[in-house]
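Engineer: requesting a structural model of the entry that follows:
(one chain, ligands or ions: 1)
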Amino acid sequence: MKETLHREVVIVGSGPAGLTAAIYAARAELRPLVIHGPQPGGQLTITTEVENYPGFANGIQGPELMQQFEEQAKRFGTEFLVTFVNKVDLGRRPFTLWTEDGHEIRAETLIIASGASAKWLGIPGEAPAPEGLGGMGVSACATCDGFFFKGKPIVVVGGGDTAMEEATFLTRYASRVTVVHRRDSLRASKIMQDKALKNPKIDFIWNADLKEVLGSSETGVTGIRLHDNRTGEESEFACEGVFIAIGHKPNTDVFKDWLEMDSVGYIKTAGVSMATNIPGVFACGDAQDSVYRQAITAAGTGCMAAIDAERFLDSLPVTTPTGEEVTIEGEVISADHEKVTLPGGEVVSNLPEDQPPADGEAVVYARHSTELPS
Ligand code: NDP
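Structural biologist: Residues are numbered from 1 along each chain as shown. As a prediction, this is how the structure comes out:
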């Protein structure tokens, strides 16, 4: 067993969400500890050019951007630990995290920024360069890379909402988008299917498994090899880009016994704050976002999670997913802000007693007063 560490803020994950949370928490003098995890820097470290991160007029390489984030977080005193969290106890504060390398970490507040991983097919030619053509025509993010495929024929693999959304988005750039799906019907919601099926720039190849991405480091992607799973026939299809859109998996398994998640594993947060169902545990970035999944939105929610953690440590109320607010002392403020349940169970009024309501608030009090029993 290595040493036990006790910190006010522990951040799991070091992508844009985790490192932005670290920058904010470190500047609030909370000396955060970031646990890097298996892919330090997150998904941006496996991309090439990032053109949509504001502040870099000429674009920046993904790994370099993450290096900048890390240096900024270090400058204000963030500590880093390169290991993998394999067990947690979020049953009481301080929370306890156990790591693969034998650390036991106690956290007064925990920020989960463990990200999500795009699912891959595991076929030849798909891996990141230099092993495969990843970053050289193979991508899992249309928003990130679509721009590089202006006027080119491309393929999107998958039949869910992500595949339909990516295919539709990519028609802005591509000369033609061909969706390759392993069945003869789509999993995507009706509205997303309709949009893709009606789009004159989108074709479909049904009942087909992608077996290989063809090309070389000199040519980039030149095509794909397909297997018709009804007839057994193999064929080649020419294209210059392949977008794998078969879903994402949030890296949240280690927290699943404790935190409320959706069926895929995205952690549920309050919406107006990054609080989870456990007071003092916050989640940000792709671990809780199945919709936007961008570096800038991840960074934004990382900032929010750090400010939530700061507020919580300062004994200020933080909004939970139920709409109630909680404090570090265990007080629960009702969603309408009118009652406070104290840690012992006693319920007291949260309305100011000696302060006359401001003009705007008077309407609110009048409305509530009509709901009181006569
Ligand atoms: P889904 O799991 O819904 O769909 C994955 C698709 O990829 C399925 O069509 C599946 O095929 C196919 N697939 C999976 N594994 C393989 C494989 N090994 N080989 C070939 N094909 C494979 O994931 P999505 O990312 O599309 O969606 C995830 C969630 O996010 C959903 O709830 C979705 O509604 C939501 N979402 C919503 C959006 C929106 O509303 N704007 C946008 C994007 C996502 P099969 O159908 O045969 O299983």
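Engineer: near the ligand, which residues of the stretch 51-200 of the chain are found?
Structural biologist: With Cβ under 6 Å from any ligand atom as the criterion, the stretch 51-200 of the chain meets the ligand at residues Leu121, Gly158, Gly159, Gly160, Asp161, Thr162, Ala163, Glu165, Arg182, Arg183, Arg187, Ser189. (Each C-beta comes from the backbone N, C-alpha and C, glycine too.)
Engineer: out of everything not next to it in sequence, what's closest to Thr48?
Structural biologist: Nearest in space to Thr48, with sequence neighbours left out and distances taken as Cβ to Cβ, 6 or more residues apart in numbering, is Gly135 at 4.7 Å.
Engineer: what do you get for Arg172?
Structural biologist: Gly146 (6.9 Å).
Engineer: state whether the one you found is indeed within a helix.
Structural biologist: Yes - under DSSP: H, G, I helix; E, B strand; the rest coil, Gly146 sits within a helix.
Engineer: any idea how far it is from Gly241?
Structural biologist: The gap separating Gly146 from Gly241 is 9 Å, by Cβ to Cβ, to the nearest Å.
Engineer: ok, those two, which is more surrounded?
Structural biologist: A direct count of neighbours by other Cβ atoms under 10 Å for Gly146 and Gly241 places Gly241 higher, at 26 against 21.
Engineer: grab the nearest non-local neighbour of that one.
Structural biologist: Ile154 (3.7 Å).
Engineer: buried sites along the helix or strand harbouring Ala73?
Structural biologist: For Ala73, the element it lies in under DSSP states H and E is helix 62-75. By neighbour count on 16 or more other Cβ atoms under 10 Å, the buried set for helix 62-75 is Gly62, Leu65, Met66, Phe69, Glu70, Gln72, Ala73, Lys74.
Engineer: chain center to the next helix or strand after it, what's the gap?
Structural biologist: The helix or strand immediately downstream of helix 62-75 is strand 79-81, counting by DSSP H and E. Put simply, strand 79-81 sits 21 Å off its chain's centre (Cα atoms, centre = their mean, to the nearest Å).
Engineer: what is the rounded mean pLDDT of stretch 321-335?
Structural biologist: Stretch 321-335 carries an average pLDDT of 95.
Engineer: list the contacts of whichever residue of the chain sits closest to the ligand.
Structural biologist: The ligand sits closest to Gly160 of the chain, with a gap of 2.3 Å, by Cβ to the nearest ligand atom. Residues in contact with Gly160, defined by Cβ atoms under 8 Å, 6 or more residues apart in numbering, are Leu186, Arg187, Ala188, Ala245, Ile246, Gly247.
Engineer: alright, I will stop here.
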